[in-house]
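Student: Here's a sequence, model it:
(chains A and B)
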There are 2 protein chains.
Amino acid sequence: MSYDVITISREFGSGGRTIGKEVAEKLGIPCYDQEIIEKLAEESGFSKDYIEDKGEYATHKNWFANAFASSGTHHGSSNQDYLWVLQRRIILDLAKAGPCVIVGRCADYILDKEYNCLKVFIHASIEKRIEHILANYGERKESPEKRLSDKDKKRKAYYKYYTETEWGVAKNYHLSLNAGVLGVERCVDIIADIYNME
Amino acid sequence: MSYDVITISREFGSGGRTIGKEVAEKLGIPCYDQEIIEKLAEESGFSKDYIEDKGEYATHKNWFANAFASSGTHHGSSNQDYLWVLQRRIILDLAKAGPCVIVGRCADYILDKEYNCLKVFIHASIEKRIEHILANYGERKESPEKRLSDKDKKRKAYYKYYTETEWGVAKNYHLSLNAGVLGVERCVDIIADIYNME
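Tutor: Sure thing, here's the model as predicted:
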């Protein structure tokens, strides 16, 4: 089977972003991650920080409040819904342009009907993720445990809200890997080998 | 990292049992699956059918009823709890005897603290699982969809009841594979390669 796109869903701090980038390098295809945020910022006029905050990490509660607020709306729908529609189109355009790796942003769900996606989920233990976020983003006022737990909850809620399916449930992916135990290199090899298989 | 045991949790009809057997053959180590039921039958005096019915596929409701019933008890605890204790000991003994593959029976949870397990979850689409059960077990009075959905629910409830963790959630395994898409052979290779890695 040949795949059009590799989608990488990942827990925050699991190394999924690095794995996506390295898989793409190994296969000689582009990897889209922050580029999607940049395109969203460019097309919507919202700042990248606003998009990150109100996008993948927004809570259902916020959307609900926004949907009925006079502010936070755009052409009659909430800003989040407007960003979702833009994001969907951007991701469909990227997939149309040729084989690629897409990290996050519900690409697995968005592309599922029209493209043959290899759907990957990357996770790691809480200890490994704490190591990763402290090394990459440093200390914050909130404990690393709290930061991770908040991100997980919000990402899960966002995914559920727009896709009506469960984020992180094994059967929604072709392949789920614990990058903390297997290591980045091994994960990259497994994904690239499956992409290349007949 | 070297692993003591490979545990294979699987959806009914996903091909997980075949994958476990073939991984073990490839690695030259034993695979325990039906052997655990046989040992349980031998040690408890219950029939294999009773164990299969009251074991992995029992519902919480049944256990609850049994726990307060005068029948269905053994030395003051429910038959299911008694079988769980026996099963736990049998699985710990098997792991102690040397490297092996163990299919199902919550071995991932039972061995987690004492052994270095490579924890695998095997799943497949509903269509592939229907094909599999019709080919292997034939038609029944109930539709294949109903049979699969009942088994999933019961297995999930059993796992949750005894382990207090979620069955089929990616982060509870090192590796989750869709055997319907990847194929048995590819799954066997991935698992055996990881087991063999330094």
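
Student: quick one, strands of chain A?
Tutor: Residue ranges of the strands in chain A, as given by DSSP state E, are A:5-10, A:31-32, A:73-74, A:77-78, A:100-103, A:117-123, A:175-178.

Student: export the fifth one as CSV, just CAs?
Tutor: So that's strand A:100-103. The C-alpha trace of strand A:100-103 is given here as CSV (Å, rounded to 0.1, in the frame of the first residue of the first chain):
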residue,chain,number,x,y,z
CYS,A,100,4.2,15.1,3.1
VAL,A,101,4.2,14.7,6.8
ILE,A,102,1.7,16.8,8.8
VAL,A,103,2.1,17.1,12.6
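
Student: Can you name every helix or strand that it contacts?
Tutor: strand A:5-10, helix A:16-27, strand A:31-32, helix A:79-96 (3 or more CB pairs under 8 Å, 6 or more residues apart in numbering or on different chains; DSSP states H and E). Every residue, glycine included, has its C-beta placed from N, CA and C.

Student: Among the ones you listed, which comes closest to chain B?
Tutor: Among the helices and strands packed on strand A:100-103, the nearest to chain B by CB to the nearest CB is strand A:5-10 (9.3 Å).

Student: Give me the contacts around that closest one.
Tutor: A:16-17, A:19-20, A:23-24, A:95, A:99-104, A:107-108, A:111, A:115-123, A:167-168, A:173, A:191, A:195 (CB atoms under 8 Å, 6 or more residues apart in numbering or on different chains).

Student: filter those residues to the buried ones?
Tutor: A:16-17, A:19-20, A:23-24, A:95, A:99-104, A:107-108, A:111, A:115, A:117-123, A:167-168, A:173, A:191, A:195 (16 or more other CB atoms under 10 Å in any protein chain shown).

Student: who in chain A is up against chain B?
Tutor: Remark: the part of chain A in contact with chain B comprises A:1, A:11, A:121, A:123, A:168-171, A:173-178, A:181-182, A:186, A:190, A:194, A:197, using CB under 8 Å from any CB of the partner chain.

Student: Please list all residues in contact with A:Gly104.
Tutor: Here A:Gly104 is in contact with A:8-10, A:16, A:33, A:36, A:56 (CB under 8 Å, 6+ apart).

Student: Distance check, it against A:Gln87.
Tutor: 10 Å (CB to CB, to the nearest Å).

Student: tell me, what's touching the two both at once?
Tutor: Joint contacts of A:Gly104 and A:Gln87 (CB under 8 Å, 6+ apart) are A:Ile36.

Student: Please list all residues in contact with A:Val184.
Tutor: A:15, A:18-19, A:22.

Student: re the thing from before, now distance to B:Tyr162 and pLDDT too, for the contacts of A:Gly104, in a markdown table please.
Tutor: Output for the contacts of A:Gly104, formatted as a markdown table (distance: CB to CB, whole Å; pLDDT from 0 to 100):
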| residue | distance to B:Tyr162 | pLDDT |
| --- | --- | --- |
| A:Ile8 | 33 | 97 |
| A:Ser9 | 29 | 95 |
| A:Arg10 | 30 | 94 |
| A:Gly16 | 31 | 95 |
| A:Asp33 | 40 | 91 |
| A:Ile36 | 42 | 90 |
| A:Glu56 | 35 | 62 |
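
Student: relative orientation of the lengthiest helix in chain A and strand A:5-10 in degrees?
Tutor: Ranked by number of residues, the top helix in chain A under DSSP state H is helix A:144-163. Angle, helix A:144-163 to strand A:5-10, by axes from the mean of the first three to the mean of the last three CA atoms, to 10 degrees: 140 degrees.

Student: which parts of helix A:144-163 are buried?
Tutor: Buried-residue list, helix A:144-163, by 16+ other CB under 10 Å: A:144, A:147-148, A:151-152, A:154-155, A:157-159, A:161-162.

Student: same deal with stretch A:121-140?
Tutor: A:121-124, A:126, A:128-130, A:132-133.

Student: In helices only, show me those residues.
Tutor: A:126, A:128-130, A:132-133.

Student: Now do the closest residue to A:Val188 other than its chain neighbours against B:Gly98, distance only.
Tutor: Once flanking residues are discounted, A:Val188 sits nearest to A:Glu22: 4.6 Å by CB to CB, 6 or more residues apart in numbering or on different chains. Distance, A:Glu22 to B:Gly98, using CB to CB: 36 Å.

Student: With neighbour numbers in mind, choose between the two.
Tutor: A:Glu22 (20 against 10; other CB atoms under 10 Å in any protein chain shown).

Student: Could I get the pLDDT score of that one?
Tutor: pLDDT, A:Glu22: 98.

Student: Also A:Ala135?
Tutor: pLDDT, A:Ala135: 88.

Student: before we move on, back to that, tell me which of the contacts of A:Gly104 is nearest to B:Ser47?
Tutor: For the contacts of A:Gly104, the closest approach to B:Ser47 (CB to CB) belongs to A:Ser9, at 44.1 Å.

Student: List the beta-bridge partners for that closest one.
Tutor: A:Phe121 (DSSP bridges).

Student: What is the neighbour count of it?
Tutor: A:Ser9: 27 neighbours (other CB under 10 Å).
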